[in-house]
Each structure stands twice: as C-alpha cells, then as structure tokens.
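Visitor: starting from these lines, generate the structure:
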Amino acid sequence: MKIDWAALGSVFGVSLAVTVGLVALFTLGIQGLSRRERAAAQGDSAALAVAGAYVCFAACAAAVAYGIYLITNKA
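Guide: Numbering: from 1, shown residues only. So this is what the prediction gives:
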C-alpha cells in the first residue's frame with residue numbers, strides 16, 4: 001500500500017480551512033444575536049444584525065448540507 005502524502009495533506013488543509021470558516025460564520029451569527037439582545041435592552045432596533053445572523057446560520061447549514069451531499073453521492 002502506498003500513501004499519497006500530497007493528497008492527504010491537501011485533504012487536511014481543505015478540511016482545516018472549511019472548519020475554521022464554519023466556526024467563524026457561526027461566531028458571527030452568535031454575535032448578531034447578542035447585538036439584538038443588547039439593542040432590545042436599550043430600546044433600539046437591530047434588524048440588520050438579526051438578518052446577518054440568520055444569513056450566517058443559513059450559510060453554515062448550506063455548507064453542512066453540501067458536505068453531506070458530497071459524502072453520500074460522490075463515494
């Protein structure tokens with residue numbers, strides 16, 4: 001058995017980058033929701049922050065769904 005180290009390194013690099021990206025998107029979504037809570041406490045509106053949070057969460061869900069698609073249909 002011969003291991004293709006370049007391919008293994010490529011897979012590791014892509015998975016690391018995607019993981020960091022998903023964590024960053026999810027973190028932005030959480031920050032958007034926390035801004036909503038701060039704005040509600042001050043009596044302001046934070047519609048843009050909430051919309052941004054929902055976009056971030058939708059992008060995370062889409063990335064997870066695409067990953068599941070790749071695993072199930074490309075094997």
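Visitor: make it CA atoms for all contacts and neighbour counts henceforth
Guide: Noted.
Visitor: and the next helix or strand past the helix or strand where Arg38 lies?
Guide: For Arg38, the enclosing helix or strand under DSSP states H and E is helix 5-42. Sequence order places helix 47-73 as the next helix or strand after helix 5-42, per DSSP H and E.
Visitor: got the angle between that following helix and helix 5-42?
Guide: With axes from the mean of the first three to the mean of the last three C-alpha atoms, to 10 degrees as the basis, helix 47-73 and helix 5-42 are set at 150 degrees to each other.
Visitor: show me how far helix 47-73 is from its chain's centre.
Guide: 6 Å (C-alpha atoms, centre = their mean, to the nearest Å).
Visitor: quick one: list the elements packing against that helix.
Guide: Helix 47-73 sits against helix 5-42, with contacts defined as 3 or more C-alpha pairs under 8 Å, 6 or more residues apart in numbering; DSSP states H and E.
Visitor: and the helix it packs on, what's buried?
Guide: 22, 25-26, 28-37 (16 or more other C-alpha atoms under 10 Å).
Visitor: got a list of contacts for stretch 38-56?
Guide: The contact list for stretch 38-56 (C-alpha atoms under 8 Å, 6 or more residues apart in numbering) reads Leu25, Phe26, Leu28, Gly29, Ile30, Gln31, Gly32, Leu33, Arg35, Arg36.
Visitor: quick check: end-to-end length of that stretch?
Guide: One end of stretch 38-56 to the other measures 19 Å (C-alpha to C-alpha, to the nearest Å).
Visitor: good, wrapping up.
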